[in-house]
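Participant: Compute the structure for the input listed below.
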Amino acid sequence: MHKITLQCLLAILLLASCFNAEAQVSAPKYSNEFLNVGVGARALGMGNVQVAITNDANAGYWNPAGLLRLPDKYNIALMHSELFAGIAKNDFGSFAMPIDTNSALAVSVIRLGVDDIADTRRLQNEFGYIQYDSVKFFSVADYAMLLSYARRSNLIKGLQLGASAKIIYRNVGDFANAWGFGIDAGAQLQHKDWQFGLMAKDITTTFTAWTHNVEELEEAYEQTGNDLPENTAELTLPRIILGAARNFTINDKIDALVSADLDLTFDGKRNVLLKSDLMSVDPHIGVEMIYAKSVFVRAGLSNYQQTKRFDGGTASQVQPNFGVGFLSNGFNLDLALSRMSDREKNSIANANTSSVIISLGYSFK
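Facilitator: Sure, this is the predicted structure:
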């Protein structure tokens, strides 16, 4: 049992660091993937469709160009969600404000982490006795701070441009940590009832440098027969997201918003709807019904994948998302529910695949 726990500990470390033993600088397929989970219950309730429509403090993450559509002078957004039956905690906070009529800025902070992981390497002493007081706990957590700026274009009417500089810190207890830096850029264009968006993430290829604590790792790696990791650096390749949305007025009380995004990745073939060795395309769609501009009902479809069944065949699945929102006197509360598609209704393994997301926002002059 002790060896199994130790191997799990090492697996967590290797997964977090995306370690590549063959190269000092690598470009793993899912580098800094915690930045693609998404923030805000409105977005997650619509299947992460936001690039063309984001217009509050969350825009610092989704598309900084949307900061020019802030509802009031000062805007605050907070989010908490729990993933994998509460094992992982995802938290987000942002503050945004306009500088003048043609520019705005935002500061955002993200944390995605797993806490209270037991380090049982010293559970047994040299005489073979169990010592529970020797068990220590640590966290595996990823952090990012984004400084975003948006400005209105003087050349094209309705065009808004924005950029975010992000500082990344990743930590695996006392075993390893990493620092990274990257830049995102975005644009939004509004024309009558149509809205269009473009978000280019990691346009400079985000650089993340890992440092390993050899002293902490030496004993563990010797027990498993693995080589000690070396300090490495990884590159996060660019990702482009295209979005389009249209507003519909049903009557004087009810409006609707239909939006769709296309995620284009260039880091190898992914398990998405359209895929090739050069590029993979992952579409997602979202709908928002609005009553009296104060009550919102949302739904979305995302994360299309093909999985192999035990009988050797394949099955397609998509992730449904649902959400509601309430807005009053500048204060908004949003709730969202994400659930992986489950074709085997009685599967115990899929019993806890739902995630509940809670967001709070406040805007004031």
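Participant: In stretch 298-313, which residues are buried?
Facilitator: Within stretch 298-313, the residues that count as buried by 16 or more other C-beta atoms under 10 Å are Arg298, Ala299, Gly300, Leu301, Ser302, Asn303, Tyr304, Gln305. All C-beta atoms are positioned from the backbone trio N, CA, C, and that covers glycine.
Participant: Would you report which members of the residues you listed are assigned to strands?
Facilitator: Counting by DSSP state E, these place Arg298, Ala299, Gly300, Leu301, Ser302, Asn303, Tyr304, Gln305 in strands.
Participant: in the sheet, who's paired with the first one?
Facilitator: Beta bridges link Arg298 to Glu288, Gly323 when assigned by DSSP bridges.
Participant: Show the contacting residues for it.
Facilitator: Arg298 makes contacts with 42, 45-46, 286-289, 321-325, 336, as judged by C-beta atoms under 8 Å, 6 or more residues apart in numbering.
Participant: of those residues, closest to Ile250?
Facilitator: Nearest to Ile250 out of those is Met289 (C-beta to C-beta; 8.7 Å).
Participant: Correct me if wrong: Ile285 contacts Ala260.
Facilitator: Yes: using C-beta atoms under 8 Å, Ile285 makes contact with Ala260 at a distance of 4.5 Å.
Participant: okay, those two: which has more neighbours?
Facilitator: Ala260 (20 against 15; other C-beta atoms under 10 Å).
Participant: any weak-confidence spans in the chain?
Facilitator: In the prediction, the chain carries residues with pLDDT under 70 at positions 1-26, 217-231, 339-354.
Participant: Give the residue farthest from the middle of this protein.
Facilitator: Residue distances from the centre of the chain (C-alpha atoms, centre = their mean) peak at Phe127, which lies 46.1 Å from the mean C-alpha position.
Participant: which residues does it contact?
Facilitator: So Phe127 contacts nothing (C-beta under 8 Å, 6+ apart).
Participant: Quick check on it: phi, psi?
Facilitator: phi -100, psi 0 (degrees, to the nearest 10).
Participant: Over to Trp62?
Facilitator: phi -80, psi -50.
Participant: start the count at 700, not 1, going forward
Facilitator: Sure, I'll start counting at 700 from here, so that last one is Trp761.
Participant: Just name the closest of the buried residues of stretch 997-1012 to Gly967, please.
Facilitator: When the buried residues of stretch 997-1012 are compared for distance to Gly967 (C-beta to C-beta), Gln1004 wins out at 15.6 Å.
Participant: ok, now which ones touch the closest one?
Facilitator: By C-beta under 8 Å, 6+ apart, the neighbours of Gln1004 are Asn970, Val971, Ser1015, Gln1016, Val1017.
Participant: Contacts for whatever helix or strand the fourth one lives in next, please.
Facilitator: Spelled out, it's Gln1016. Element membership for Gln1016, per DSSP states H and E: strand 1013-1027. Residues outside strand 1013-1027 that contact it (C-beta under 8 Å, 6+ apart) are 740-741, 743-747, 985, 992-1008, 1031-1040, 1042, 1056.
Participant: Out of the buried residues of stretch 997-1012, which comes closest to Leu846?
Facilitator: Of all these, Leu846 sits closest to Ser1001, with 27.8 Å by C-beta to C-beta.
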